[in-house]
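Novice: Task: produce atomic coordinates for the following.
(one chain, ligands or ions: 2)
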Amino acid sequence: MRITNAYCIVTSPGRNFVTLKIVTDEGVYGIGDATLNGRELAVESYLTDHVIPCLIGRDPHRIEDIWQYLYKGAYWRRGPVTMSAIAAVDMALWDIKAKAANMPLYQLLGGKSRDGVMVYAHANGRDIPEALDRVAHYQALGFKAIRVQTGVPGLDKVYGVQSGEAYEPAIRAPVPEETLWATEPYLDYAPKLFEAVRDRFGWDLHLLHDVHHRLTPIEAARLGKSLEPYRLFWMEDPTPAENQEAFRLIRQHTVTPLAVGEVFNSIHDCRELIQNQLIDYIRATLVHAGGITHLRRIAALAELYQVRTGCHGATDLSPVCMGAALHFDSWVPNFGVQEYMMHNAETDAVFPHAYSFKDGYLHPGEAPGHGVDIDEELAKKYPYTQAYLPVARLRDGSMWNW
Ligand SMILES: O=C(O)[C@@H](O)[C@@H](O)[C@H](O)[C@H](O)CO
Ligand SMILES: [Mg+2]
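Specialist: Numbers count the residues shown, from 1 in each chain. Ligands and ions are numbered 1, 2, ... in the order given. I've put the predicted structure just below:
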């Protein structure tokens with residue numbers, strides 16, 4: 001089998017997605033997600049201008065060799081643009097291999113380790129009562145795990161909160177929106193939110209919370225301690241993780257489980273966090289961390305230290321990534337949970353998929369490959385529109401972490 005053609009499809013059914021399609025001489029094709037929120041066209045160019053010309057004529061079954069060729073062959077290693085491009089190729093090649101074998105992808109990885117993939121929903125409200133209503137909504141849908149976010153008094157906009165159904169942080173505009181951040185009111189308010197959630201919903205629900213990189217290590221330690229009475233499943237991204245050592249300080253103060261990794265793109269970003277058992281869940285995912293070929297290496301390292309997976313699954317990860325992730329999650333021995341922020345109906349129509357949700361669990365389906373396709377005609381109806389994640393500043397105007 002040979003690769004005869006490959007191209008990117010950029011579409012925006014409510015938000016921007018970049019998808020790679022790899023076509024072979026035997027008529028089998030594969031699909032990969034290449035979406036990097038706010039930097040979509042950089043990955044598209046990396047693929048179109050520099051990667052695709054190297055793929056034509058290659059045997060698509062040689063997934064490992066192609067991965068190594070793209071990683072080592074560029075000389076410039078790692079980074080979100082490079083690793084998202086490699087991930088798209090890798091996902092598409094695994095799709096081709098599984099279709100050629102006439103098997104769902106999880107079979108090629110080693111078969112299922114579980115009957116369903118537990119997913120968590122994202123419940124948010126401008127204040128505590130509104131957030132509680134959203135928790136009730138997701139509980140009624142059957143979710144066993146829910147991440148809860150709320151507005152903070154005195155702050156106009158905070159991460160994870162939006163009125164209306166779905167949460168979508170990327171704003172369509174030529175430049176990013178500026179938002180305000182203040183740590184103290186947040187540190188006071190967050191424990192009140194979780195006290196209210198436990199009061200109303202009891203102890204049967206897994207509760208999660210995303211700090212979105214906004215605290216210093218000692219502030220994160222304080223928050224983790226103050227949330228201990230509410231027994232969280234995890235506290236996510238409490239502080240930026242470029243300095244992996246910082247998590248030792250948080251760990252010394254709290255037993256609230258820690259989850260990190262949605263912005264990671266390489267095993268080297270989390271090697272110390274895992275080997276020193278400074279986290280409990282690793283949240284790297286297929287599209288930003290080099291595809292199945294690389295994510296399974298991260299998971300294998302994590303397994304040695306009883307660190308479990310918790311793949312990122314916000315709406316900027318396309319249904320292609322979600323579909324492939326569900327095969328990975330079904331197989332990976334040290335699975336923890338999978339994020340599931342549901343896509344809108346337009347996105348679901350552009351990306352027909354075999355996965356389905358039932359009673360708090362997602363199932364990858366039995367279609368050969370990863371089970372997600374793209375309707376190229378429909379995709380054309382939604383042209384790319386510039387959109388960016390917001391930025392955050394402190395009250396004195398200093399730049400902070402959004
Ligand atoms: O955990 C999450 O889902 C997030 O932190 C995301 O909403 C994140 O802000 C976006 O995926 C950024 O593109
Ligand atoms: Mg997050």
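
Novice: Domain parsing of this structure, as residue ranges.
Specialist: 3-105, 108-366 (automatic domain parsing).

Novice: which bits of the stretch 1-150 of the chain sit near ligand 1?
Specialist: Within the stretch 1-150 of the chain, the residues that sit near ligand 1 (C-beta under 6 Å from any ligand atom) are Asn37. Quick note: C-beta positions are derived from backbone N, CA and C, even for glycine.

Novice: show me where the stretch 1-150 of the chain has helices.
Specialist: 40-45, 52-55, 63-73, 80-100, 105-109, 128-141 (DSSP state H, counting those that start in this stretch).

Novice: How about the contacts made by the closest residue to ligand 1 within the stretch 51-200 of the chain?
Specialist: In the stretch 51-200 of the chain, the residue that lies nearest ligand 1 is Pro169 (5.2 Å; C-beta to the nearest ligand atom). By C-beta atoms under 8 Å, 6 or more residues apart in numbering, Pro169 lies in contact with Tyr159, Gly160, Gln162, Leu389, Pro390.

Novice: for Asn124, same thing?
Specialist: Contacts of Asn124 (C-beta under 8 Å, 6+ apart): Ala131, Arg134, Val148, Gln149, Thr150, Gly160, Val161, Gln162, Tyr167.

Novice: which of the residues you listed lies closest to His213?
Specialist: Checking the contacts of Asn124 against His213 with C-beta to C-beta, the nearest one is Gly160 at 12.1 Å.

Novice: isn't there a helix covering Val268?
Specialist: Rather than Val, residue 268 is His. Yes - assigned with DSSP: H, G, I helix; E, B strand; the rest coil, His268 falls within a helix.

Novice: That one and Gly79 touch, don't they?
Specialist: No - the pair His268 / Gly79 is not scored as a contact, 11.4 Å apart, by C-beta atoms under 8 Å.

Novice: hmm, back to that, and ligand 2, which of the domains of the chain is closest to it?
Specialist: Ligand 2 lies closest, by C-beta to the ion, to one member of the domains of the chain: domain 108-366, at 4.3 Å.

Novice: and the closest one, anywhere near ligand 2?
Specialist: Yes - residues of domain 108-366 contacting ligand 2 under C-beta under 5 Å from the ion: Asp210, Glu262.

Novice: first to last residue in that domain, what's the distance?
Specialist: For domain 108-366, the first-to-last residue distance is 13 Å (C-alpha to C-alpha, to the nearest Å).

Novice: Can you report how many residues lie near Ile52?
Specialist: For Ile52, the count of nearby residues is 19 (other C-beta atoms under 10 Å).

Novice: do the same with Gln139
Specialist: Using other C-beta under 10 Å, Gln139 is surrounded by 17 other residues.

Novice: how close does it get to Tyr120?
Specialist: For Gln139, the distance to Tyr120 (C-beta to C-beta, to the nearest Å) stands at 12 Å.

Novice: any shared contact partners between those two?
Specialist: Common contact partners of Gln139 and Tyr120 (C-beta under 8 Å, 6+ apart): Ile146.

Novice: what comes into contact with stretch 364-372?
Specialist: By C-beta under 8 Å, 6+ apart, stretch 364-372 touches 30-31, 91, 94-96, 98-99, 101-106, 117, 319-320, 322-324, 326-327, 330, 351-356.

Novice: Please identify the most buried of the helices of the stretch 1-150 of the chain.
Specialist: Most buried of the helices of the stretch 1-150 of the chain, by mean neighbour count (mean count of other C-beta atoms under 10 Å): helix 80-100, with a mean of 26.

Novice: could I get that one in PDB with only the CA atoms?
Specialist: This file holds the C-alpha atoms of helix 80-100, laid out as PDB (Å, rounded to 0.1, in the frame of the first residue of the first chain):
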ATOM      1  CA  PRO A  80       2.800  22.300  19.900                       C
ATOM      2  CA  VAL A  81       2.800  23.000  16.200                       C
ATOM      3  CA  THR A  82       5.200  20.200  15.300                       C
ATOM      4  CA  MET A  83       3.600  17.700  17.600                       C
ATOM      5  CA  SER A  84       0.000  18.500  16.500                       C
ATOM      6  CA  ALA A  85       1.100  18.000  12.900                       C
ATOM      7  CA  ILE A  86       2.800  14.700  13.700                       C
ATOM      8  CA  ALA A  87      -0.300  13.700  15.700                       C
ATOM      9  CA  ALA A  88      -2.600  14.300  12.800                       C
ATOM     10  CA  VAL A  89      -0.400  12.000  10.500                       C
ATOM     11  CA  ASP A  90      -0.200   9.400  13.200                       C
ATOM     12  CA  MET A  91      -4.000   9.300  13.900                       C
ATOM     13  CA  ALA A  92      -4.700   9.100  10.100                       C
ATOM     14  CA  LEU A  93      -2.200   6.200   9.700                       C
ATOM     15  CA  TRP A  94      -3.700   4.200  12.600                       C
ATOM     16  CA  ASP A  95      -7.100   4.800  11.000                       C
ATOM     17  CA  ILE A  96      -5.800   3.400   7.700                       C
ATOM     18  CA  LYS A  97      -4.100   0.400   9.400                       C
ATOM     19  CA  ALA A  98      -7.300  -0.500  11.400                       C
ATOM     20  CA  LYS A  99      -9.500  -0.100   8.300                       C
ATOM     21  CA  ALA A 100      -7.200  -2.300   6.300                       C
END
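
Novice: what distance separates that helix from the centre of its chain?
Specialist: Distance of helix 80-100 from the chain centroid (C-alpha atoms, centre = their mean, to the nearest Å) equals 16 Å.

Novice: quick one: low-confidence ranges for the protein?
Specialist: Within the chain, the set of residues satisfying pLDDT under 70 comprises 163-165.
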